[in-house]
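> Mind folding the following:
(one chain, ligands or ions: 2)
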Amino acid sequence: QAADNPYERGPAPTTSSIESVRGPFAVSQTSVSSLSASGFGGGTIYYPTTTSQGTFGAVAISPGFTATESSIAWLGPRLASQGFVVFTIDTNSTLDQPDSRGRQLLAALDHLTQRSTVRNRVDSTRLGVMGHSMGGGGSLEAAKSRPSLQAAIPLTGWNTDKTWPELRTPTMIIGADGDTVAPVSSHSEPFYQSLPSTLDKAYLELNNASHFTPNTSDTTIAKYSISWLKRFIDNDTRYEQFLCPIPRPSLTIEEYRGNCPHNS
Ligand code: 9J3
Ligand code: ZN
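Numbers count the residues shown, from 1 in each chain. Ligands and ions are numbered 1, 2, ... in the order given. Model (predicted):
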């Protein structure tokens, strides 16, 4: 790791390395049963196998309404292989609403840092949240209630609360142009617009995408999520090149908005 950033993990990134299905770290996994979980429904922890590179930042990820952990499972090894401990969770009930999903994400992070078998591998000061749909709405709720979180990324997020001026956590909102369940016009766009202008924030609208695009392996989601988590959980400015200047529209990007350069 570089002397000037103790949180930096892994080799210098390239476009190819962040688009790859697997990053440089070998990944192990361990299950957390619902019986041993307190305040959420259990899940799977994916983590870099090595113990020779210090602790890693961590992220908890919630599925959406009626869905289970399997719907977001692809993100586990994809993100962990880049150098994060990743906890994909089940919720207590698949019908839980975004505020409950937010509390469950925080309970999962607490389990990860305090009770899990991999707790010694996790830096409890470098944590983030993600989620799909109501789980994405939950990631906004989690960041609102715990401003010490270092990154939040709702994926085609859904919430009845459209305004998030309370957030202090660097947040990347990912929406889909063809989403008819959580249309960007009534969810992701107002979420983004309501975030403080002083916050490090981004809005990525996927092109040719649906509400359920985040449920299968997607290189654009992975590439920008990895960059956001590295930049703000690990303070790793080597990833700034993928976020600034603001990415141009492309075959997979309908629109991107953000503040560049970042200020934290
Ligand atoms: O988690 C989601 O997919 C939320 C979208 C939804 O079905 O909301 C209806 C209440
Ligand atoms: Zn609000």
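> Determine the number of other residues adjacent to residue 35.
Residue 35 sits with 7 neighbouring residues when counted by other CB atoms under 10 Å. Using the backbone N, CA and C atoms, a C-beta is placed for each residue, glycine as well.
> Doesn't it lie inside a strand?
No - counting by DSSP: H, G, I helix; E, B strand; the rest coil, residue 35 falls outside a strand, being coil.
> what's the closest non-adjacent residue to residue 93?
The shortest distance from residue 93 to any non-neighbouring residue, by CB to CB, 6 or more residues apart in numbering, is to residue 41 (7.9 Å).
> To what extent is the one you found buried, counted in neighbours?
22.
> The residue positioned nearest the centre of the chain: which element?
Taking CA atoms, centre = their mean as the criterion, residue 130 is the residue nearest the geometric centre of the chain, at 3.4 Å. Residue 130 belongs to strand 122-132 when assigned by DSSP states H and E.
> Do me a favour and average the pLDDT over that strand.
The average pLDDT for strand 122-132 rounds to 98.
> Next: stretch 91-109.
Average pLDDT, stretch 91-109: 98.
> C-alpha coordinates for it, CSV please?
Extracted C-alpha coordinates of stretch 91-109, given in CSV (Å, rounded to 0.1, in the frame of the first residue of the first chain):
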residue,chain,number,x,y,z
THR,A,91,-34.1,-8.8,4.9
ASN,A,92,-36.3,-10.1,7.8
SER,A,93,-39.3,-10.1,5.4
THR,A,94,-39.2,-9.7,1.6
LEU,A,95,-42.0,-7.2,2.1
ASP,A,96,-40.0,-4.8,4.3
GLN,A,97,-40.1,-1.1,3.3
PRO,A,98,-37.1,1.1,2.6
ASP,A,99,-36.9,2.6,6.2
SER,A,100,-36.7,-1.0,7.6
ARG,A,101,-34.2,-2.0,4.9
GLY,A,102,-32.0,1.0,6.0
ARG,A,103,-32.0,-0.2,9.6
GLN,A,104,-31.2,-3.7,8.4
LEU,A,105,-28.3,-2.5,6.4
LEU,A,106,-26.9,-0.9,9.5
ALA,A,107,-27.5,-4.0,11.6
ALA,A,108,-25.7,-6.0,9.0
LEU,A,109,-22.7,-3.7,9.1
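> partners of the helix or strand containing residue 254 in the sheet?
Under the criterion of DSSP H and E, residue 254 resides in strand 253-258. The strands that strand 253-258 pairs with in its sheet are strand 201-206 (antiparallel) (by DSSP bridges).
> Could you tell me how far the strand holding residue 254 lies from the centre of the chain?
Taking CA atoms, centre = their mean, to the nearest Å, one finds the center of strand 253-258 at 18 Å from the center of the full chain.
> Is the residue nearest to residue 93 located within a strand, as I assumed?
No - Residue 41 is assigned coil when assessed by three-state DSSP, not a strand.
> The strand holding residue 130 near ligand 1 at all?
No - using CB under 6 Å from any ligand atom, strand 122-132 never reaches ligand 1; the gap is at least 6.6 Å.
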